[in-house]
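*Asks:* Fold the following for me, if possible:
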Amino acid sequence: MHYISTRGDSPAVTLSEGLAAGLAPDGGLYVPRTLPAIDWSAAEADPSLATVGRVLLGPFAAGDPLAEVLGEVVDDAYAPPAPVAATNDPRLHVLELFHGPTAAFKDFGARFLAASLQRVLPEGAPTTILVATSGDTGSAVAAAFHRRPGFRVVVLYPEGRVSPRQAHQLEAFGDNVVTLAVSGSFDDCQAMVKTAFRDGALRAEVRMTSANSISLGRLLPQMVYHAATALQVAARSGGPVGLVVPTGNLGNALAAWLAGALGAPIHSVVLATNRNDVLVDWSRTGRFEARTAIPTLANAMDVGLPSNLERLRWFLDRGVQGPAIHAVSVDDERIRGMLARAPERYGHVVCPHTACALEAYETVEACREGPWVAAATAHPAKFDEVVEPVIGEEVPLPAPLAALLARPRHAHPLQPTDAALRTVLTRPLGLA
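*Replies:* Down below sits the predicted model:
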């Protein structure tokens with residue numbers, strides 16, 4: 001299996017090479033040259049994360065050194081559970097993706113990437129994992145790589161635009177993790193990261209790769225829990241399922257769509273966004289226009305330039321058939337309303353991002369016929385300052401999150417300029 005750039009001006013690479021590079025040299029995102037045929041029989045018999053991971057990801061690693069250790073990587077990545085919980089609505093289940101070490105869905109992809117890179121990267125100079133985060137990615141990546149020999153993590157986050165507990169998580173590591181509080185937006189952080197990867201002189205000096213959803217190592221493993229969930233629910237219902245996925249940079253929702261395109265029993269994917277409605281306009285008109293991100297209660301989705309739309313458009317332009325796509329924008333007033341209704345209506349206290357998914361489920365006409373699954377992407381305790389005033393009670397902290405919040409904080413301010421980031425990256429220890 002080989003991977004090519006969405007922009008067509010870079011050589012094809014193996015999976016290991018794509019993981020090591022992060023972004024293609026021409027600035028594009030790596031995609032599989034062709035989608036493999038998947039034999040789903042073993043996964044249908046045992047739709048566990050471990051089995052589905054081996055079945056679904058095996059063909060993507062074919063011919064690559066990672067294939068020999070893929071089972072170990074899968075076991076590492078999917079050690080946290082991802083239970084499919086019932087709700088008070090018989091047509092709807094909730095996929096709980098927040099039982100990992102940082103209480104967010106991004107733990108799965110980050111753990112897969114860390115386990116993969118540790119096994120395939122050559123020894124020598126340390127590798128810098130460069131990541132921009134709108135809330136949860138940075139802490140998941142920091143946790144996955146924290147104290148792993150041979151790696152330095154540099155995390156950029158928009159200061160003041162993540163929840164207080166998210167900020168504490170991002171700053172709770174130290175050691176080989178450098179956390180940069182950027183005086184700008186997530187789109188500023190993401191643009192700085194992309195510029196760094198396009199800087200040939202910098203890359204010649206600093207060995208680095210990405211852990212954002214632009215990385216194959218984040219995108220591919222996120223297919224697994226969507227496929228496993230669809231197989232489990234379809235086995236009970238006798239037919240394919242629809243998925244509602246909160247989304248900002250489009251990585252998690254694209255993974256759900258790809259799982260369906262590869263044959264998992266998924267008939268539709270609803271993109272549940274906040275007021276940053278670029279994806280909604282694209283789904284209606286087919287045109288894409290980047291915008292300045294608007295701060296919202298669902299801050300991890302405050303993205304005005306969704307990177308993975310480039311991948312989705314690439315697949316669609318080549319005639320890849322996948323699940324139907326719907327997109328819904330949910331403003332802060334509706335988020336608050338759903339936060340208040342969800343405990344009684346659905347039997348779950350949810351985070352603001354999951355509230356977007358539930359609101360989208362109630363909005364899209366196609367959701368009138370079940371079964372459907374809403375992805376619960378983060379634990380509500382990460383957003384206590386939003387959730388608790390609405391529901392009128394305290395949300396208990398899960399143990400892993402409590403442990404992170406008990407750690408001291410380490411962060412450094414950074415101006416949103418390429419030169420400022422370059423200075424950090426070229427200093428051996430990250431900062432003076």
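*Asks:* Going C-terminal from the lowest-mean-pLDDT helix or strand in the chain, what's the next secondary structure element?
*Replies:* When the helices and strands of the chain are scored by mean pLDDT, DSSP states H and E, strand 208-210 comes last with a mean of 87. The element immediately downstream of strand 208-210 (helix or strand, assigned by DSSP states H and E) is helix 216-237.
*Asks:* in that following helix, what counts as buried?
*Replies:* By neighbour count on 16 or more other C-beta atoms under 10 Å, the buried set for helix 216-237 is 216-234. For every residue, glycine as well, the C-beta is placed using N, CA and C.
*Asks:* Kindly export it (C-alpha atoms) in PDB.
*Replies:* Extracted C-alpha coordinates of helix 216-237, given in PDB (Å, rounded to 0.1, in the frame of the first residue of the first chain):
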ATOM      1  CA  LEU A 216      -2.300   9.400   8.600                       C
ATOM      2  CA  GLY A 217      -1.500   8.100  12.100                       C
ATOM      3  CA  ARG A 218      -4.400  10.000  13.500                       C
ATOM      4  CA  LEU A 219      -6.900   9.500  10.600                       C
ATOM      5  CA  LEU A 220      -6.700   5.800  10.000                       C
ATOM      6  CA  PRO A 221      -7.000   4.500  13.600                       C
ATOM      7  CA  GLN A 222     -10.100   6.600  14.100                       C
ATOM      8  CA  MET A 223     -11.900   4.500  11.600                       C
ATOM      9  CA  VAL A 224     -11.800   1.500  14.000                       C
ATOM     10  CA  TYR A 225     -14.100   2.600  16.700                       C
ATOM     11  CA  HIS A 226     -16.700   3.900  14.200                       C
ATOM     12  CA  ALA A 227     -16.600   0.600  12.300                       C
ATOM     13  CA  ALA A 228     -16.700  -1.500  15.500                       C
ATOM     14  CA  THR A 229     -19.700   0.400  16.800                       C
ATOM     15  CA  ALA A 230     -21.600   0.100  13.500                       C
ATOM     16  CA  LEU A 231     -21.000  -3.600  13.400                       C
ATOM     17  CA  GLN A 232     -22.200  -4.000  17.000                       C
ATOM     18  CA  VAL A 233     -25.400  -2.000  16.500                       C
ATOM     19  CA  ALA A 234     -26.100  -3.400  13.000                       C
ATOM     20  CA  ALA A 235     -25.900  -6.900  14.400                       C
ATOM     21  CA  ARG A 236     -28.700  -6.100  16.800                       C
ATOM     22  CA  SER A 237     -30.800  -4.000  14.400                       C
END
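*Asks:* Could you tell me which ranges of the stretch 301-432 of the chain sit under the pLDDT cut-off?
*Replies:* 428-432 (pLDDT under 70).
*Asks:* 90 instead, please
*Replies:* The model of the stretch 301-432 of the chain has pLDDT under 90 over residues 304-305, 370, 427-432.
*Asks:* What segments of it are helices?
*Replies:* Taking DSSP state H, counting those that start in this stretch, the helices of the stretch 301-432 of the chain run over residues 309-317, 332-345, 352-363, 384-391, 399-405, 418-426.
*Asks:* and what of the stretch 51-200 of the chain?
*Replies:* 70-77, 106-120, 137-145, 164-170, 186-198, 200-205.
*Asks:* and the last one, what's its mean pLDDT?
*Replies:* Yep, that's helix 200-205 we're talking about. Averaging pLDDT along helix 200-205 gives 92.
*Asks:* Off-centre distance for it?
*Replies:* The chain centroid and the centroid of helix 200-205 are separated by 27 Å under C-alpha atoms, centre = their mean, to the nearest Å.
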